[in-house]
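>>> Make a model of this:
(one chain, ligands or ions: 1)
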Amino acid sequence: MTNLKFKINNKTQIPTRFKARVNSKISFGTKFLVFKLELDHKIEYMAGQYVSILVDEKTRRAYSISSAPDGKRIELLVDTNPNGPASNLFKNINIGQSIDIIGPYGRFVVPEDVKGTLWFVATGSGLAPLKSQILDLLNKGYKDRIVLVYGTKFEEDVVFKDLFENLMSKYPNFQYYIAISHFDALLTQNYKYVTYISKRLISNSLPNYAFLCGHPKMMEDMKKFLIFHKVNLTNIFSESYV
Ligand SMILES: Cc1cc2nc3c(=O)[nH]c(=O)nc-3n(C[C@H](O)[C@H](O)[C@H](O)COP(=O)(O)OP(=O)(O)OC[C@H]3O[C@@H](n4cnc5c(N)ncnc54)[C@H](O)[C@@H]3O)c2cc1C
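Numbers count the residues shown, from 1 in each chain. Below is the predicted model:
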């Protein structure tokens with residue numbers, strides 16, 4: 001089964017139906033599951049795109065691919081809090097079982113001619129497409145500054161922390177900041193919103209482009225903040241999950 005083709009970054013894409021076998025399933029923090037899936041054939045996707053999960057023939061839900069483009073393998077970062085049909089499918093599926101997916105979809109990709117300082121700002125599972133985009137840029141040898149600011153409510157939900165810390169040691173042009181917004185974080189002086197960190201960063205890291213994904217209020221506040229700091233609106237890219 002195929003859907004309408006569409007064009008992005010000058011490439012034509014045709015969403016295709018795949019069987020995706022669960023190769024690994026890892027529970028993380030208070031709500032996340034991280035899946036590594038192997039597809040029955042190769043998928044051509046761009047970093048930042050998403051797939052549609054078929055819970056059944058009438059029920060589909062969108063999930064961003066969190067891995068960099070890699071042939072037949074994809075990774076998904078699933079927030080199980082919505083607790084609807086897709087969350088339950090992911091909670092109940094086991095290693096070795098398969099799910100049906102259709103994709104790729106979406107236009108939340110890094111433009112091919114991007115240059116200068118790039119900011120990536122995410123909260124919650126909004127980190128998924130940004131992780132894919134950052135890995136893809138670093139794999140391709142992007143040399144200008146890349147800044148990731150990640151916010152969650154609880155410290156234990158800082159998913160992929162080791163990976164991003166390792167990337168910081170490996171790539172001098174990559175910087176990673178964490179914001180924890182639960183009040184308990186006040187005790188450890190860690191209580192912050194991504195916007196607070198962004199305000200601290202802006203004086204020495206004015207972004208040329210920004211990529212935002214996560215809580216709608218965060219994206220609204222970040223857009224206002226970036227526009228106030230004269231970042232061109234056409235250089236601000238965002239994906240809404242609602
Ligand atoms: C382009 C795109 C990419 C996405 N990528 C991801 C991803 O990588 N990882 C991920 O975890 N989610 C992602 N989402 C969000 C995911 O598709 C929804 O959360 C989905 O509705 C969950 O399906 P469900 O069947 O479990 O719950 P649903 O039956 O759809 O919803 C159950 C209840 O939860 C509420 N709800 C739905 N979505 C959310 C939400 N995001 N946060 C809080 N409450 C919600 C609904 O209002 C409803 O009351 C993406 C959404 C879009 C549009």
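
>>> how does the protein divide into domains?
The chain breaks down into these domains under automatic domain parsing: 6-105, 118-239.

>>> Give me the below-cutoff pLDDT ranges for this structure.
Applying pLDDT under 70 to the chain flags residues 1-3, 183-191.

>>> which parts of it sit against the ligand?
By the criterion of C-beta under 6 Å from any ligand atom, the positions of the chain lying close to the ligand are 50, 61-64, 77-79, 81-82, 84-87, 106, 125, 128, 239, 241. In short, each C-beta sits where N, CA and C put it, glycine included.

>>> Whichever residue of the chain sits closest to the ligand and Lys224, how far apart?
When you check the chain against the ligand by C-beta to the nearest ligand atom, the closest residue turns out to be Gly84, at 2.1 Å. Computed with C-beta to C-beta, to the nearest Å, the distance linking Gly84 and Lys224 is 31 Å.

>>> what's the answer for Asn232, then?
Applying C-beta to C-beta to Asn232 and Lys224 gives a distance of 14 Å.

>>> quick revisit: just put the domains of the chain in CSV and tack on distance to Pro111 and mean neighbour count.
Listed next are these as CSV, based on distance: least, C-beta to C-beta, whole Å; neighbours: other C-beta atoms under 10 Å:
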stretch, distance to Pro111, mean neighbour count
domain 6-105, 7, 17
domain 118-239, 8, 18
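
>>> Looking at these, spot the one closest to Glu112.
domain 6-105 (5.3 Å; C-beta to C-beta).

>>> Straight-line length of that closest one, end to end?
When the termini of domain 6-105 are compared using C-alpha to C-alpha, to the nearest Å, they are 9 Å apart.

>>> How about the contacts made by Leu54?
The neighbours of Leu54, taking C-beta atoms under 8 Å, 6 or more residues apart in numbering as the test, are 60, 99-102.

>>> repeat that with 7 Å
Leu54 makes contacts with 60, 100-102, as judged by C-beta atoms under 7 Å, 6 or more residues apart in numbering.

>>> the longest strand in the chain is where?
For the chain, the strand reaching the highest residue count under DSSP state E is reported as strand 16-28.

>>> Next, the angle from the helix or strand that comes right after that strand to strand 16-28.
Next in sequence after strand 16-28, counting helices and strands by DSSP states H and E, comes strand 32-39. With axes from the mean of the first three to the mean of the last three C-alpha atoms, to 10 degrees as the criterion, the two stretches strand 32-39 and strand 16-28 enclose an angle of 140 degrees.

>>> Mind listing the strands strand 32-39 pairs with, and their directions?
Sheet pairing of strand 32-39 (DSSP bridges) gives strand 16-28 (antiparallel), strand 73-79 (antiparallel).

>>> mind listing the helices for the chain?
85-92, 127-139, 161-170, 194-201, 216-228 (DSSP state H).

>>> For the ones you listed, give me TSV that also has distance to Phe18.
Rendered in TSV, the data for the helices of the chain read as follows (distance: least, C-beta to C-beta, whole Å):
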stretch	distance to Phe18
helix 85-92	16
helix 127-139	17
helix 161-170	25
helix 194-201	34
helix 216-228	30
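
>>> I'd like the distance between the closest residue to Phe108 other than its chain neighbours and Gly96.
Closest residue to Phe108 in three dimensions, ignoring its sequence neighbours and counting by C-beta to C-beta, 6 or more residues apart in numbering: Glu239, at 4.0 Å. Here the distance between Glu239 and Gly96 works out to 31 Å (C-beta to C-beta).
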